[in-house]
Structure formats: structure tokens, C-alpha cells
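Undergrad: Give me coordinates for this.
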Amino acid sequence: MGKALVLNEDRLFPADASSRALCRRLYNEVKSLPIISPHGHTDPSWFADNHNFNDATSLLLLPDHYVLRMLYSQGISMQDLGLPSTDGSPYEQDPRKVWKRFASNYHLFHGTPSRMWLDYVFAKVFKLEQRLESSTADHYFDHINEQLRQDAFKPRALFEQYNIEVISTTESPLDDLRHHRKILQSDWDGKVISAFRPDPVVDPDFEGFNDNINELAELSGESCDSFSTYLSALFARRAFFKSTGVTSSDHGHPSPATADLSAQACETLYQKVRSGSHTVQDAELFRAQMLTEMAKMSIEDGLVMQIHPGSYRNHNPYLFKQFGRDKGADIPMRTEYVEALRPLLAKYGNHPDLSIILFTLDETTYSRELAPLAGHYPALKLGPAWWFHDSPEGMRRFRQQVTETAGFYNTVGFNDDTRAFLSIPARHDVARRMDCNFLSQLVVEHRMDEDEALELAVALSYSLAKKAYKL
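TA: Model prediction:
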């Protein structure tokens, strides 16, 4: 018999009794609010086809790059975790053996957000009562798989059980959105929308860039022979996305650099990147110009623009070559915003129809750059503590450093940004607990009244995200 799996109801609340009681009161008012998940990466085919998930390993381990990166950092190969490589080398194909390997290394996740999220899923979703460890691995695997075979654990049923009001996936302009269209044509009323992610056709360093633009031309009916027809093709694809309910675009550039080049300079640069004769500086300048072009399109079509830079993508060339993107080898970088965003903001930052949500992986910019920018420009809002900082301490640091300059209402609540579908309520629960923790401290310090804290708790948990993403 394993050790008991216990989720303390006061987890993440303040240590002193009076603050904890106040935090609990605030949390009890928001814990059951619907989930707004406006920025994520779940597979839309799950909701379109509504098939049962296969097994614990393929659902809980393989899509979760937080889990993969930790295990890989301890010398466990991707092949041993059940991932096939491009060179055809042998890999573990028995999901039970992969799960047992994970269970025997579950201690690696002590003190991490992944441990909190996974324990929440095990206890709340699957009603497991012992901790995951080597001795309980088979029990976990069999119990979870038995549950996954039931109708109550199909994607649509879980969507409803989790009280998700809307969830956004993320697709490139080359996607035909067949799964989203299938959902719209079904008799299910769950709201699953996409987000327009143009990176494959606006980043000259993206693999297959030229072929991607050729496909963009075919899909849009625009030649893409010139910069103007290329822009027309992108605008056409945005309109197609918008017709399925999309409300946002999503830009994962290496930096937030923007530019405001002349029409002739844009044409010359476009032809250069299309020919493949561009330099590293040319690629960065092209991405910079395209952020400004996307802002212009956002003013015209109303899509909310998300910019989340500062990740060195696919830092490990071996992993990228053998296993592709999103295997945990993305690393945060130092990022500058004030000069980088100035060309775009000088041109469009005061426009009432532009809405930009900024994210960062560089916490040193919170109080120095991001909070002052969002606290001034009408077009700017700040996304939540994101990715590597999607954690209790990351959330606390974000609120502490941003609030005094930008306030609460220049932020957009929380989003979970995940492929790990079952962890969504766990992540939102952590965010709600930490925001109530932060608000309770303001009340006990007599910097805010309790009724104001409650109003803010609801806004941070629900209404700010709904408003910011036009949902």
C-alpha cells in the first residue's frame, strides 16, 4: 500500500491564520467560476472526433514538455520515454513500461508546478488515493486506463466536467481548420476556437519557409510573388480563421523587435528572404516588419494580437533533428521591449482598435519595461506569468512587480498555454489560489477593502481574460 495522496484545501494560502481565512473566503467565491482558456495548444481533433483517449502515457506524459525536459535532464532518453526518432532507432513501444519509468522517477518533480498539476489530476480527476511511486505504478496505469475507456472521460465530457466556457487551440495559416469546422457543424455546444499563428510563413528561419509561402499562395489564391500579394494572402487567411470564431493572433518571435520600413524597402527585403540569400539580420528585420504589418491587420479585422517572444527555440540541435519541435529544449533569453516595440507603438500604439497582449520570459523587464509600457499605451495589456514562470512564485513575482505601475486592469487574468488537457483545471486552480493570496495580503495591510478584493478576484479568474480576448 502506497503513501496517501493528500491535497490540502489550504494549499498556497498565506501562513498566518487571519490572512489565510481571508484568502479562503476570496477563493471560495471564485473556485467554481467557468474556465476561460484563451491561449493553448490542445489538439482540436480530440473535441471534433470525441474518441476515448488511448492510455495514461500518451495522454499525461508524451504531450507534456515540462515532464519530458525534467526526465531528459536526468539522463532518460526520449526513446526510453516512448518517442520515435527520425533515424528509425529502437524506442520503447510499451506504454506501461514508459509509465513505470516515469513513476520510478516521480520524485524528480518535488517542489515543481508539474508535481502540483499532476497530483491534482490524479486526486481530483481519477480519484486516486495513494501517491505515484514505483510500488503504485501498475495500479495507477490500470486505474487511469480503465477510467479513460468510459464515456465520462471522453474529451467533450471532460470539457463539460471542467466547466470550460471556451478553449483556444493554435494553428498556422496553412491549417484547413477541419476539426474546428466539424465542431461547429456538430450538435455539441462546447466552444473550441483556434488562434492564428503565422510563424511558419513570417519567419525566414522557420523550416520550410519558402515552401510554406507557396502553400499559403495556393490556399489564398494570391500569388505571393510580391510583398503586397503576400500581405493579401495573410489577410485572406486571417479572414478564414475569423469566420470560424477566432478572436486572436499569436506571434512567437525570438524577440519583440518591430520595424516601420518604406514600401520599397519591404519589397526588397521580401524578395531577399524569398530567394534565401538573406542574413541573420535580414531575417530579424523581416520578422520585425511583419509584427507591424500584423498590428495594422489587427486594426482592420479586430483580432487581438498576442506577442510572446524571448524563447530560444529548439536549443538542443540533437533533439530537434531527432524528435522535432516542442520536446522541452526551448530556453528563455534576455529580452528588451522599450526600443523594440517603439516603431510599432509610434505608428499604432494610440489606435483605439488595436489590442496587443505582451508576454515575457524575462522577469527583469516586469517593473522596468513592461509595466510602464502597459501602464501608458492604450493598445497594450500584459499577459500572465507564462511558461517557465507559470508557478506559484512566478505568479507572485509578476503581481508584485507589475501591479504598482500597471494596476490589475492592464493585465489579462490567466491562461494555461498547455497541450496537457487534463492539467487545465489544475493550472487555473493554482492561479486563482495565488491571486487570492496576493489580494488577501493587500487587504490585511489595509491597502484594499475586502469587497474590492473580491471584485478583483473574479476579474483575475474570469472576466479580464474574457474581455481581453473578446470572448
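Undergrad: mind listing the helices for the stretch 151-300 of the chain?
TA: Using DSSP state H, counting those that start in this stretch, the helices found in the stretch 151-300 of the chain span residues 155-161, 178-185, 199-202, 209-220, 227-242, 263-275, 280-301.
Undergrad: sec struct for residue 351, please.
TA: Secondary structure assignment for residue 351 (DSSP: H, G, I helix; E, B strand; the rest coil): coil.
Undergrad: Wait, it touches residue 300, no?
TA: No - the pair residue 351 / residue 300 is not scored as a contact, 10.7 Å apart, by Cβ atoms under 8 Å. Yep, even glycine has a C-beta here, placed from its N, CA and C like the rest.
Undergrad: that older thread, just say which of the helices of the stretch 151-300 of the chain is most tucked in.
TA: helix 199-202 (a mean of 22; mean count of other Cβ atoms under 10 Å).
Undergrad: elements contacting it?
TA: helix 209-220, helix 280-301 (3 or more Cβ pairs under 8 Å, 6 or more residues apart in numbering; DSSP states H and E).
Undergrad: Can you add mean pLDDT and distance to residue 173 and give the ones you listed back as TSV?
TA: Shown next, in TSV, are the helices and strands packed on helix 199-202 (pLDDT from 0 to 100; distance: least, Cβ to Cβ, whole Å):
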stretch	mean pLDDT	distance to residue 173
helix 209-220	98	6
helix 280-301	98	11
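Undergrad: Phi and psi next, for the residue nearest in space to the middle of the chain.
TA: With distances taken as Cα atoms, centre = their mean, the residue of the chain nearest its centroid is residue 417 (2.0 Å). When read as degrees, to the nearest 10, the backbone of residue 417 gives phi 50, psi 60.
Undergrad: So it versus residue 263, what's the distance?
TA: The gap separating residue 417 from residue 263 is 36 Å, by Cβ to Cβ, to the nearest Å.
Undergrad: My read is that residue 67 contacts residue 73, right?
TA: No - under the criterion of Cβ under 8 Å, residue 67 makes no contact with residue 73, lying 11.0 Å away.
Undergrad: So these two - more neighbours on which side?
TA: residue 67 (24 against 10; other Cβ atoms under 10 Å).
Undergrad: Could you give the number of residues near residue 373?
TA: 24.
Undergrad: what does residue 221 give?
TA: For residue 221, the number of neighbouring residues by other Cβ under 10 Å comes to 10.
Undergrad: Was I right to think it contacts residue 236?
TA: Yes - counting by Cβ under 8 Å, residue 221 touches residue 236, with 7.2 Å between them.
Undergrad: the strands in this protein, which residues?
TA: Here the chain has its strands, by DSSP state E, at 35-37, 164-168, 192-193, 248-251, 304-307, 311-312, 331-332, 356-358, 380-382.
Undergrad: Note down every partner strand of the third one and its orientation.
TA: Read it as strand 192-193. Strand 192-193 has its sheet partners listed here by DSSP bridges as strand 164-168 (parallel).
Undergrad: For the partner strand, give me every contacting residue.
TA: By Cβ atoms under 8 Å, 6 or more residues apart in numbering, the residues outside strand 164-168 that reach it are 34-40, 42, 159, 190-195, 247-248, 424, 466, 469, 471.
Undergrad: Only the buried subset of these, as a PyMOL command please.
TA: In PyMOL, this line selects whichever of the contacts of strand 164-168 come out buried by 16 or more other Cβ atoms under 10 Å:
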select buried, resi 35+36+37+38+39+40+42+159+190+191+192+193+194+195+247+248+424+466+469+471
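Undergrad: which stretches of the stretch 1-150 of the chain have low pLDDT?
TA: Scanning the stretch 1-150 of the chain for pLDDT under 70 picks out the ranges 1.
Undergrad: Could you find the closest non-adjacent residue to the residue nearest to the centre of the chain?
TA: Sequence neighbours aside, residue 39 is the residue nearest to residue 417 in space, at 5.4 Å (criterion: Cβ to Cβ, 6 or more residues apart in numbering).
Undergrad: Show the contacting residues for the one you found.
TA: Residues in contact with residue 39 (Cβ under 8 Å, 6+ apart) are 168, 170, 195, 248, 250, 306, 383, 415, 416, 417, 469.
Undergrad: Would you mind measuring from residue 164 to residue 44?
TA: Note on residue 164: its distance to residue 44, by Cβ to Cβ, is 14 Å.
Undergrad: Give me the common contacts of these two.
TA: Among the neighbours of residue 164, none is also in contact with residue 44 (Cβ under 8 Å, 6+ apart).
Undergrad: more crowded one of the two?
TA: More crowded of residue 164 and residue 44, by other Cβ under 10 Å: residue 44, with 24 against 20.
Undergrad: Wait, that one touches residue 190, no?
TA: No - contact between residue 44 and residue 190 fails when scored by Cβ under 8 Å: they sit 11.2 Å apart.
Undergrad: Mind listing the shared neighbours of the two?
TA: Common contact partners of residue 44 and residue 190 (Cβ under 8 Å, 6+ apart): residue 183.
Undergrad: on that earlier part again, want to throw the helices and strands packed on helix 199-202 into CSV with distance to residue 112?
TA: Listed next are the helices and strands packed on helix 199-202 as CSV, based on distance: least, Cβ to Cβ, whole Å:
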stretch, distance to residue 112
helix 209-220, 36
helix 280-301, 32
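Undergrad: Compare these and give me the one nearest residue 356.
TA: Within those, the stretch nearest residue 356 is helix 280-301; the backing value is 7.0 Å (Cβ to Cβ).
Undergrad: what's the spacing between the closest one and its chain's center?
TA: The chain centre lies 21 Å from the centre of helix 280-301; the measure is Cα atoms, centre = their mean, to the nearest Å.
Undergrad: and what of stretch 249-268?
TA: With Cα atoms, centre = their mean as the basis, stretch 249-268 stands 23 Å off its chain's centre.
Undergrad: Ends of that stretch, what's the gap?
TA: 26 Å (Cα to Cα, to the nearest Å).
Undergrad: now stretch 320-332
TA: Terminal residues of stretch 320-332 are spaced 17 Å apart (Cα to Cα).
Undergrad: what comes up buried for it?
TA: 320, 322, 323, 327, 328, 329, 330.
Undergrad: What lies in contact with that stretch?
TA: 65-66, 68-70, 72, 78, 83, 85-87, 310-316, 319, 361-362, 387-388, 419.
Undergrad: if you set the cut-off to 6 Å instead, what comes out?
TA: The contact list for stretch 320-332, computed with Cβ atoms under 6 Å, 6 or more residues apart in numbering, reads 65, 68-69, 78, 83, 85-86, 310-316, 319, 361, 388.
Undergrad: Over to stretch 431-448?
TA: The contact list for stretch 431-448, computed with Cβ under 6 Å, 6+ apart, reads 12, 14, 19, 22-23, 26-27, 30, 392, 395, 399, 414, 450, 453, 456-457, 460-461.
Undergrad: hmm, which of those residues are the buried ones?
TA: For these, a burial check counting by 16+ other Cβ under 10 Å picks out 12, 14, 19, 22-23, 26-27, 30, 392, 395, 399, 414, 453, 456-457, 460-461.
Undergrad: Kindly write the PyMOL command that selects the buried subset of the contacts of stretch 320-332.
TA: Selection of buried members from these for PyMOL, criterion 16+ other Cβ under 10 Å:
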select buried, resi 65+68+69+78+83+85+310+311+313+314+316+319+361+388
